[in-house]
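Q: A structural model of the following input is requested.
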Amino acid sequence: MLPLVVTALVGILLMFASGVIPSVTRLAVALAISCVLATLMFVVNWERLPKWLEVGPPLGYILVLVWIRELSPDYDLATMTVSPLLLFALFGVALHGTRSELVFVLVVVTALLWGPGLVRGIDTHDAVYKTIVTAVWSTLCLAAHAHVRALHESQDSQRRILDVLAVGVAVIREGAVVYANPRLVKLVGDPRDPLSLFQDEHRSRLSEYLGTAAAQRSPLAPFDARVRASGEALTVNVSMVPLAFDRAPAVALMLRDVSSERRVEETERQRHAVIAAERRRMNQLLECIDDGVAILDWHRDLVYANGAYKRVLGLEAVDLDGLSREALVAHLALSADDPEAFRTRFEAQDIGSNGAPMDFTLRDRVLRRITYEIGEGYVVVWRDVTAEAHQRHLLERQAVTDLLTGLPNRRAMEEVLARERARARRQGTPVCVALFDLDHFKRINDEHGHACGDEVLRRVAVVLTSEARTTDAVGRWGGEELWAVLPGPLDGATVFCERVRVAIANLAIDALPAVTISAGVAEIRPDEETAVALERADRSLYEAKRGGRNQVRTATT
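A: Model (predicted):
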């Protein structure tokens, strides 16, 4: 009703103005009003074009009547009636027809405007007015047609884009779905009420946004929700955004199926949880190990170290996070007796090559490093082997030392004799061997006990050691027998044995009579077997015993 009232008022105003205002001015006013209305229709308020079209045809009819009356007062009634109707058709084709239809109607309207004048004859002013009217109408209609075509193409492009999206999209206007793309239909089926797929808390959230979307003009933050479509529960990512759809405000509801992604994420989360649990368990186990265990990356920087690693290497005050291999070597070198030698030896090892152990000696401990390559890095185990090295040294010493006297045992002395014989052969120098036997030692054990006999052996061992030269070697043969390897000629070896005999004879041991010793000494010939030389020395020893004891006998060659 309102468009008709507005049309009537404007028509009355223009008809009234036609009798007061001069014809040229009236035409200019009518043309200006037409241009303003066209601008409002096609530019300013294009989204409200359907309502303006309700006013446009009647108002345009009145304007055309005014123009025709002013241009050609002698136009007949038929022309004045048909021409506006054709002009309405012209605007309708401009808005909804094709370009060829628009051109056809323009030609018809132009012919009707110019036809009667051409028959009767057109004066100059009439031709100018008709040219202006034809040019204005043609320009407005062509511009409207191009604008509407561009808008329709834009709307078609918008729909085509939405149709091929991998995300389900439903366009909602005033609570109803006005469009749903194929992906949404495939995802949830009938999209008439997509909100019904959601649980109550999500449904209320979406409904609240729909009620305020026009005012907010901002998108709804995405969130995950569970929906049930076609009997299957899906996890979808939901978002909403306001948009203009078909020249009217609307809201786009977008659903993206993230079920597989969330399953993968859950699998990854569980896997990481298992790895973290295994790592905690491994760390707990490594903390219970007395050996220092460290894990290096392929750059050989420290990734993990247990508590024993800090204790063994003295790193309690050092921050081990990201500690480089160079920093570790620099720190350990400070504790080494020879820092540069330690650094050189440490760096020279081919880390991870075969896991072979390597010992390193610091000032107060002996460390053993064992390295294992694990593909992306290395596992390094440090062991404090100070006690182990001490025990090994003790065992090695026990293997070659007589426990009672502290002298080298027979095995050690045989090795010394072999080395001295080899040296004597190379240098062409003599070497001698001497055997000692305590006189009446069995009587000492029987009358004074074995403890006293052991003390006598220890005292005799001290005398032998004190009388030996730096090149001499003395040791225990077994029982009460001792022996010596004496580099040099026979006379020198005999002098040594005599000094020993005299020193032992001068020993004063509580509750014991004088202790004496007998000795036999022999020079080993270059081509003589060691056993033969020892046998000659042994025969000389027994000769000394048979000769009255407490004397030294020399084996003849």
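
Q: only C-alpha atoms for contact and neighbour calcs from this point on.
A: Noted.

Q: Low-confidence regions, the stretch 51-200 of the chain specifically.
A: Applying pLDDT under 70 to the stretch 51-200 of the chain flags residues 51-99, 101-106, 108-155.

Q: The lengthiest strand in the chain pairs with which strands, parallel or anti?
A: Criterion DSSP state E: the longest strand present in the chain is strand 232-245. Applying DSSP bridges, strand 232-245 is found paired with strand 220-229 (antiparallel), strand 248-257 (antiparallel).

Q: and residue 417, how many neighbours does it have?
A: 21 (other CA atoms under 10 Å).

Q: ok, now which ones touch it?
A: residue 485 (CA atoms under 8 Å, 6 or more residues apart in numbering).

Q: Is it in a helix, a strand, or coil?
A: Classification of residue 417 by DSSP: H, G, I helix; E, B strand; the rest coil places it in helix.

Q: cool, and residue 399?
A: Under three-state DSSP, residue 399 comes out as helix.

Q: Next: residue 166.
A: coil.

Q: Quick check: the closest residue to it other than its chain neighbours vs residue 226, distance?
A: Excluding its sequence neighbours, the residue lying closest to residue 166 (CA to CA, 6 or more residues apart in numbering) is residue 183, at 6.3 Å. Going from residue 183 to residue 226 by CA to CA, to the nearest Å gives 17 Å.

Q: Surely residue 217 touches residue 249?
A: No. Taking contacts as CA atoms under 8 Å, residue 217 lies outside contact range of residue 249: 10.1 Å.

Q: Neighbours of residue 241, how many?
A: Using other CA under 10 Å, residue 241 has 18 other residues around it.

Q: which residues does it contact?
A: Residue 241 makes contact with 213, 217-220, 251-253, according to CA under 8 Å, 6+ apart.

Q: still on that earlier bit, of residue 183 and residue 226, which one has the most company?
A: Neighbours of residue 183 and residue 226, each counted by other CA under 10 Å, are more numerous for residue 183; the result is 20 against 17.

Q: that's a strand at that one, yeah?
A: No. Residue 183: not assigned to a strand; according to three-state DSSP it is helix.

Q: That one against residue 161, yeah?
A: No. Shown here, residue 183 and residue 161 do not form a contact pair, counting by CA under 8 Å, at 11.9 Å.

Q: pLDDT weak spots in the stretch 201-350 of the chain?
A: Low-confidence segments of the stretch 201-350 of the chain (pLDDT under 70): 213-216, 229-231, 246-247, 317, 321-322, 347-350.

Q: Tell me the buried residues in the helix or strand containing residue 342?
A: Using DSSP states H and E, the element containing residue 342 is helix 339-348. Neighbour-count burial for helix 339-348, counted by 16 or more other CA atoms under 10 Å, picks out 339, 342-343, 346.

Q: swap in stretch 406-422?
A: For stretch 406-422, by 16+ other CA under 10 Å, it's 406-413, 416-417, 420-421.

Q: For these, could you give me CSV that also reports pLDDT?
A: Output for these, formatted as CSV (pLDDT from 0 to 100):
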residue, pLDDT
406, 87
407, 91
408, 91
409, 90
410, 90
411, 89
412, 90
413, 91
416, 92
417, 93
420, 93
421, 93
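
Q: out of these, what pair is the most spread apart?
A: Distance extremes for the buried residues of stretch 406-422: the farthest pair is 406 and 421 at 24.1 Å, using CA to CA.

Q: can you pull out the helices in the stretch 301-450 of the chain?
A: Taking DSSP state H, counting those that start in this stretch, the helices of the stretch 301-450 of the chain run over residues 307-313, 325-333, 339-348, 386-400, 410-427, 441-448, 450-467.

Q: I'd like to know which elements the shortest one is packed against.
A: Packing partners of helix 307-313 (3 or more CA pairs under 8 Å, 6 or more residues apart in numbering; DSSP states H and E): strand 292-297, strand 377-384.

Q: The same query, at a cut-off of 10 Å, please.
A: Packing partners of helix 307-313 (3 or more CA pairs under 10 Å, 6 or more residues apart in numbering; DSSP states H and E): helix 259-287, strand 292-297, helix 325-333, strand 366-373, strand 377-384.

Q: And the third one, by the same measure?
A: Helix 339-348 is packed against helix 325-333, strand 358-361, with contacts defined by 3+ CA pairs under 10 Å, 6+ apart.

Q: So which residues of the stretch 451-557 of the chain form helices?
A: Under DSSP H, counting those that start in this stretch, the stretch 451-557 of the chain gives helices at 490-505, 530-546.

Q: send the alpha carbons of the last one over as CSV?
A: If I follow you right, that is helix 530-546. The C-alpha trace of helix 530-546 is given here as CSV (Å, rounded to 0.1, in the frame of the first residue of the first chain):
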residue,chain,number,x,y,z
THR,A,530,118.8,-73.2,33.2
ALA,A,531,117.8,-76.4,35.0
VAL,A,532,121.4,-77.7,34.7
ALA,A,533,122.8,-74.5,36.3
LEU,A,534,120.3,-74.7,39.1
GLU,A,535,121.2,-78.3,39.7
ARG,A,536,124.9,-77.4,40.0
ALA,A,537,124.0,-74.7,42.5
ASP,A,538,121.9,-77.1,44.4
ARG,A,539,124.7,-79.7,44.6
SER,A,540,127.0,-76.9,45.9
LEU,A,541,124.4,-76.1,48.5
TYR,A,542,124.3,-79.7,49.8
GLU,A,543,128.1,-79.8,49.8
ALA,A,544,128.0,-76.8,52.1
LYS,A,545,125.5,-78.5,54.4
ARG,A,546,127.6,-81.7,54.4
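
Q: Show residues contacting that helix.
A: 414, 417-418, 421, 432-439, 483, 517-525, 547, 549-557 (CA atoms under 10 Å, 6 or more residues apart in numbering).

Q: And these, which of them are buried?
A: Buried, going by 16+ other CA under 10 Å: 417, 421, 432-439, 483, 517-524, 549-555, out of those.

Q: gap between the two ends of stretch 465-473?
A: 8 Å.

Q: Buried residues, it. List them.
A: Here stretch 465-473 shows 465, 467-468, 472-473 as buried, counting by 16+ other CA under 10 Å.

Q: can you list those residues in CSV and add pLDDT and distance to residue 310?
A: What follows is the buried residues of stretch 465-473, written out as CSV (pLDDT from 0 to 100; distance: CA to CA, whole Å):
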residue, pLDDT, distance to residue 310
465, 92, 46
467, 92, 50
468, 91, 49
472, 92, 48
473, 94, 46
